[in-house]
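# have a look; sequence and predicted model below, questions after that.
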Amino acid sequence: MTYEQLLERVSINSLISPNPIRAVLALHKPDQYNKECCSVCVDEIFQECAASYPCPTIQAIEKELL
C-alpha cells in the first residue's frame, strides 16, 4: 500500500480516531530523497536507510487496517 493509500484508508476508517494515526504516518512517511526508505528510520550518522518503507511501524498500522 502506498503512503497516499494508507492516509486515505485511515481517513475513511470510522473505527479509529484518525488524528493520532495520521501523526504517526506523517513521521514515518517515505524519505523525500529515497522513497524506498522510512524518513524516521534513516541512520543519521551514516545517512543510509536503516529500515525500508514500509517500516515495521507502518506495517503494523496496515495490518490493523486490513
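Looks like it came in fine. This structure is a prediction, so every number in the text was calculated from the model and none was measured.

# what number of residues lie near residue 30?
Residue 30 has 18 neighbouring residues, counting by other C-beta atoms under 10 Å. Every residue, glycine included, has its C-beta placed from N, CA and C.

# and it, backbone torsions?
phi -60, psi 140 (degrees, to the nearest 10).

# in contact with the closest residue to it other than its chain neighbours, which residues?
Closest residue to residue 30 apart from its sequence neighbours, by C-beta to C-beta, 6 or more residues apart in numbering: residue 53 at 4.7 Å. Residue 53 sits next to 3, 28, 30-31, 35-38 when contact means C-beta atoms under 8 Å, 6 or more residues apart in numbering.

# do that again at 6 Å, thanks
For residue 53, the contacting residues are 30, 36-38, by C-beta atoms under 6 Å, 6 or more residues apart in numbering.

# from residue 39, how far off is residue 1?
Residue 1 is 17 Å from residue 39, where distance means C-beta to C-beta, to the nearest Å.

# to clarify, my last question referred to residue 23.
Taking C-beta to C-beta, one finds residue 23 at 14 Å from residue 39.

# okay, those two: which has more neighbours?
Neighbour count, other C-beta under 10 Å: between residue 23 and residue 39, residue 39 has more, with 17 against 10.

# find the nearest non-adjacent residue to that one, please.
Spatial nearest neighbour of residue 39, excluding adjacent residues (C-beta to C-beta, 6+ apart): residue 31 at 4.5 Å.

# which residues touch the helix or strand of the chain with the lowest mean pLDDT?
Least confident helix or strand of the chain, by mean pLDDT, DSSP states H and E, is strand 42-43 with a mean of 74. In this structure, residues lying in contact with strand 42-43 by C-beta under 6 Å, 6+ apart are 31, 50.

# related to what we said a few turns ago, hmm, the residue nearest to residue 39 is touching residue 41, no?
No: counting by C-beta atoms under 6 Å, residue 31 does not reach residue 41; the two are 8.5 Å apart.
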